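[1] can't give you the sequence, but here's the structure:
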């Protein structure tokens, strides 16, 4: 009987220790996650900068629908510059579609490119991009100084550029949304602000 | 002799009541400890101004503390369980409304640390906790249920905190 009682106490202690260890490990996962710096979209040296008024364009997409870029309409716009012959663009498209669905309450996604209309129409229909809108305009790309693909430009509901850059992964794309959420132009600015906030006395 | 249903249900009910009391006690404690976080979180959850949200936030904290205390006393356990279920049901309804209205809840104030785990995970957490109030309400209970139910409650509490930590880690990929 004494042996049974002792083993039961021991088992309780083991389970309790395991629960404490699980909590510590789960906490450590969170701490490590916070320490890993997210990768940001690569912003190339250019004159179009976050915070600037977006260039305004009134364009018609491949299916005859009218789109206004850079206007104040209460919703943000993500212009995704892609191309049929860009392999990274094809890899990123499912991520952009899933982000568009997740952020549909405040964000409109429009794809953009330039070149042969038939080729682009085939590309857009094959990858189910018709529901987003697909603009063919060299002027649009030039106005945002797009030189590499895939390239994303996030414009806020006031028609101002929030963030822009070359996007190669989900993290790059999410960095545009984080820039809007934290009201910063870049990750460098975010970390600089956070470091400055850490130095403030806690009230 | 095989144990009867009541032999099994009584310690289960005791353990559940102590577990829920722990959850509620921590929830009330963190609200009192971090009022600067509590009021904005309540305001964003209910879509109210901070001034209007302040009394509601303190009312929620007081209700949670009262429910936690009531759950530990056998004669008031049913009342404590109903109060806990009511508070959590209001949270549940407020979160569901926010999701349906497309409002983004950065921090609902429902968990211990400041979390950005999203309304969906908080709704799931409440959907797990609310039915447990029923189990606690039905158990008669003892003032001191013994070591095993209290240890079991402590372990469940630690596991819930672990699940909260994991839920707060945003998915990346």
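    The structure has been received and is ready for your questions. All values derive from a computational prediction rather than experimental measurement.

[2] What's the first helix or strand after the helix or strand containing residue A:10?
    Element membership for residue A:10, per DSSP states H and E: helix A:2-35. Proceeding N to C from helix A:2-35, the next assigned helix or strand is strand A:57-60, under DSSP H and E.

[3] Hmm, residue A:161 is touching residue A:52, no?
    Yes: contact criterion Cβ atoms under 8 Å: residue A:161 and residue A:52 qualify, at 5.2 Å. Using the backbone N, CA and C atoms, a C-beta is placed for each residue, glycine as well.

[4] Those two: which has the busier surroundings?
    In this view residue A:161 and residue A:52 are compared by other Cβ atoms under 10 Å in any protein chain shown, and residue A:161 has more residues nearby, 20 against 11.

[5] quick revisit: and the helix holding residue A:10, what's its mean pLDDT?
    For helix A:2-35, mean pLDDT rounds to 85.

[6] helices and strands around it, which ones?
    In this structure, helix A:2-35 packs against helix B:147-168, with contacts taken as 3 or more Cβ pairs under 8 Å, 6 or more residues apart in numbering or on different chains; DSSP states H and E.

[7] What are the buried residues along the helix it packs on?
    Across helix B:147-168, burial judged by 16 or more other Cβ atoms under 10 Å in any protein chain shown covers B:149-168.

[8] What of stretch B:58-77?
    B:58, B:60-61, B:63-68, B:70-72, B:74, B:77.

[9] for it, the distance to its chain's centre please.
    11 Å (Cα atoms, centre = their mean, to the nearest Å).

[10] Skipping its backbone neighbours, what lies nearest residue 66 in space?
    In the absence of a named chain, chain A is used. Leaving aside its chain neighbours, residue A:66 sits nearest to residue A:60 (5.8 Å; criterion: Cβ to Cβ, 6 or more residues apart in numbering or on different chains).

[11] You answered for a different chain; I wanted chain B.
    That would be residue B:83: by Cβ to Cβ, 6+ apart, it lies 6.3 Å from residue B:66.

[12] Beyond the helix or strand hosting that neighbour, next helix or strand please.
    Under the criterion of DSSP H and E, residue B:83 resides in helix B:77-100. Using DSSP H and E, the helix or strand that follows helix B:77-100 towards the C-terminus is helix B:119-138.

[13] Show me what the helix or strand harbouring residue A:141 packs onto, helices and strands only.
    Residue A:141 is part of helix A:138-143, with elements assigned from DSSP H and E. Using 3+ Cβ pairs under 8 Å, 6+ apart, the elements in contact with helix A:138-143 are strand A:57-60, strand A:107-113.

[14] ok, the residue nearest to residue B:66 - contacts?
    Residue B:83 makes contacts with B:63, B:66, B:67, B:70, as judged by Cβ atoms under 8 Å, 6 or more residues apart in numbering or on different chains.
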